[in-house]
Each structure stands twice: as C-alpha cells, then as structure tokens.
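1. coords please:
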Amino acid sequence: MSEHFDQLIEQAYRQYRGPAYMRSPAVSCIKMGIRLMDLVVPGPTAAYLGKRFFTPRRVPTRESDKQTMGMASSVTYITLSNDKQAVVYHWGQQGPKVLLAHGWESRASHFARLIQVLVERGFQVIGFDAPAHGDAEGDQSSIVEFIEIIQQLERQEGGFDAIVAHSFGGLSAINAVKAGLRTKALVIVGAPTHFSGLVTKYASILNLPARQQQRLRGYIERYFGIGEAVWQRFNAYEGLRQIEQPALIIHDSADDIVLEVEAECLAQAWPAACLVKTQGLGHNPLRRPGEGIDLVLAHLAPLQP
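-> Numbers count the residues shown, from 1 in each chain. Model prediction:
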C-alpha cells in the first residue's frame, strides 16, 4: 500500500508550484539562475542545491516571539550527538507535560497562543528551537536532528503526557513514535508524510532539470549515509499499521504548503489515527485562536488536571 501512497503524493507534487510568495519575480530569477548554472557548472550547482535543501530560512524574531520566550520558566540547552545544540523552553511549573514540536523554518514561540492556553489550563509545556531555527545556533538542520531532540527530551522529562507537532515536526514525531516513543495523546498538524515528496516539491518549485533532480537525490542519500534506503527510512506511513499509538491528525483544506493528500495517506496507513479536516485555516491553524487550537484542547481535555 505504501507504494500506492508514494505514487499519489509524487504525482501531486510534480505539478506543485508552491504558495503565492514562491511564484514571485525574485523566485523566477532564482530558477533562471539555477538553469544557467546547470549548463555551465552542473556539479557545483548540485552541491549548492543539496546544501540549500538542509538550510532553513531564519525567520526574524518578532516582539511576540520575545514575549513568549520571556514568559518561559526556564531556558536550557541540549547537545545532540553531532555536537549541535537545541534550545529548550519550559512554561508552567506543574501538571501534565506537553511537548510542542515546531516545523521547518519555524520556532517554539510560534505556538504562543497554544502555550498560553495550555498553561492556563494547568499543563506544563516544553518546546524547543532545533539547530538553525529560532534562537538555536547553526545554519543547517535535518530530520535526524529533530528526531533526536524529541527522543532526548522524552528521556530527560521522563516521558510526555501529550505531544503536539506541526508540519516537519509532525513528520519527526511520527518517526520517533515508530522508534518506540509513546504518549497518552498525540496530535499531528499539517505534516508532510512522504520523505521523497519533500524533494519532489523542492524540485518542482525551482523547476529543476531532471539531471539536477537526480544529483540532488544522490546528495541527500550521501548526506544521511544510507543510500536509497533513506526514502523509506523517514516515510511517515511506513510500518504504521502495527503501531497502536493513537493520534489525531489535523489538516486544513487551504494548506498550500503540505497538500491534503499526505494527511489522507497517513490516516489510511494508521488504523489508530483519526483525521479531522478543517477549512480556511491554512498551513498552521495553531498560530491563532480558532478551530485548530480548539481541536487540540478537546483532544487533550481528558489529561487536564
């Protein structure tokens, strides 16, 4: 069945051109530049594209981010196996523990509204900035680092009562679950589920020539050091049928970053999961009050002290 899901998602992203801001004149110039570089220096162009794949854009710190981080009861650091560090935030002093896992090019403080409501309802909240995100140092990151952060924090905190994970954080949390992590309540919001689909999407946005797509995939296979096995290794829906961890999957019909087909495939592959679709909330329905946060709170209500 996973091969069928692969085909559905690959086909959807081959036609993908990204959200409106990715179709700007500036991006068109970048596409043209890449094609010219490909004609002149194909090898260095492939290396550049591979490096950029693991390099998130650093989102500017806004006043609201500073306020959210300033309300943290503690700010600490954890060191990963590759010596990079992640920043860890704690909000609330007692109650059930909830881990928040942010997405690619995001940060813990983007959960500001959810953090506020959870603490008001008696939960402890733990969030992190992955390397190259938020206040964490570095220029590059990867799914391996996201997974390790989740696993380290799970051991450090003695487990979590709930995990709420958005986008790339959702893909990472699912991989942590497949590696043995368990929690009483798991919420996955707007998450990609097909690892190869991330590359197809990236290639479609930049309109990469076929040979550059092949070189990019080769770069990624070498980066992780496991060759072509990488495409199955991090797929969210691989092997989920035997996983009994319950989960709530939330996906919005207006999400133009992660297409709806990914959530549908994930729900079909995961018997213990339930898919709830929202409308008109976009890629991250947890950034503002409304149905997205309401669904999370309802799912966590049985844990509320």
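
2. residue ranges with poor pLDDT in this structure?
-> 1, 20-22 (pLDDT under 70).

3. Roughly how far does the most centrally placed residue in it sit from I147?
-> Centroid-nearest residue in the chain, with CA atoms, centre = their mean: F168, separated by 0.9 Å. Counting by CB to CB, to the nearest Å, the gap from F168 to I147 is 11 Å. Placement of C-beta: from N, CA and C, glycine included.

4. now do A12
-> If you measure A12 against I147 using CB to CB, the figure is 25 Å.

5. More neighbours: these two, which one.
-> I147 (21 against 18; other CB atoms under 10 Å).

6. Need phi/psi at the closest residue in space to K31 that isn't next to it in sequence.
-> Nearest residue to K31, sequence neighbours excluded (CB to CB, 6 or more residues apart in numbering): N207, at 5.1 Å. The phi/psi pair for N207 (degrees, to the nearest 10) reads phi 50, psi 50.

7. doesn't I30 make contact with N207?
-> No. Using CB atoms under 8 Å, N207 makes no contact with I30, being 9.9 Å away.

8. now the helices: where do they sit in the stretch 151-300 of the chain?
-> Taking DSSP state H, counting those that start in this stretch, the helices of the stretch 151-300 of the chain run over residues 168-178, 195-206, 210-224, 230-233, 260-269, 291-300.

9. Between those helices, which one is closest to E120.
-> Closest to E120 of the helices of the stretch 151-300 of the chain is helix 291-300 (CB to CB; 10.5 Å).

10. Give the other helices and strands that that closest one contacts.
-> On a contact count with 3 or more CB pairs under 8 Å, 6 or more residues apart in numbering; DSSP states H and E, helix 291-300 meets helix 112-120, strand 185-189, strand 247-252, strand 273-278.

11. Distance from the chain centre to it, please.
-> 19 Å (CA atoms, centre = their mean, to the nearest Å).

12. Show me what counts as buried in it.
-> Going by neighbour count (16 or more other CB atoms under 10 Å), the buried part of helix 291-300 is G292, I293, L295, V296, H299, L300.

13. Mind exporting the C-alpha coordinates of that helix to PDB?
-> Extracted in PDB, the C-alpha atoms of helix 291-300 (Å, rounded to 0.1, in the frame of the first residue of the first chain):
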ATOM      1  CA  GLU A 291     -10.800  25.600  15.300                       C
ATOM      2  CA  GLY A 292      -7.300  24.300  15.200                       C
ATOM      3  CA  ILE A 293      -6.500  25.100  18.800                       C
ATOM      4  CA  ASP A 294     -10.000  24.100  19.900                       C
ATOM      5  CA  LEU A 295      -9.400  20.600  18.400                       C
ATOM      6  CA  VAL A 296      -6.100  20.300  20.200                       C
ATOM      7  CA  LEU A 297      -7.600  21.300  23.500                       C
ATOM      8  CA  ALA A 298     -10.500  18.900  23.100                       C
ATOM      9  CA  HIS A 299      -8.100  16.100  22.400                       C
ATOM     10  CA  LEU A 300      -6.000  16.900  25.500                       C
END
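
14. Let me know the angle separating that helix from strand 273-278.
-> 150 degrees (axes from the mean of the first three to the mean of the last three CA atoms, to 10 degrees).

15. what about the strands in the stretch 1-150 of the chain?
-> Ranges of strands in the stretch 1-150 of the chain, per DSSP state E, counting those that start in this stretch, are 74-79, 85-91, 97-101, 124-129.

16. which one of those strands is the most hemmed in?
-> Of all those, strand 97-101 has the most neighbours on average by mean count of other CB atoms under 10 Å, namely a mean of 27.

17. what's it packed up against?
-> Strand 97-101 packs on helix 112-120, strand 124-129, helix 143-156, strand 162-166, helix 168-178, going by 3+ CB pairs under 8 Å, 6+ apart.

18. mind checking how far stretch 86-97 is from the chain centre?
-> Taking mean C-alpha positions (CA atoms, centre = their mean), stretch 86-97 and its chain are 20 Å apart.
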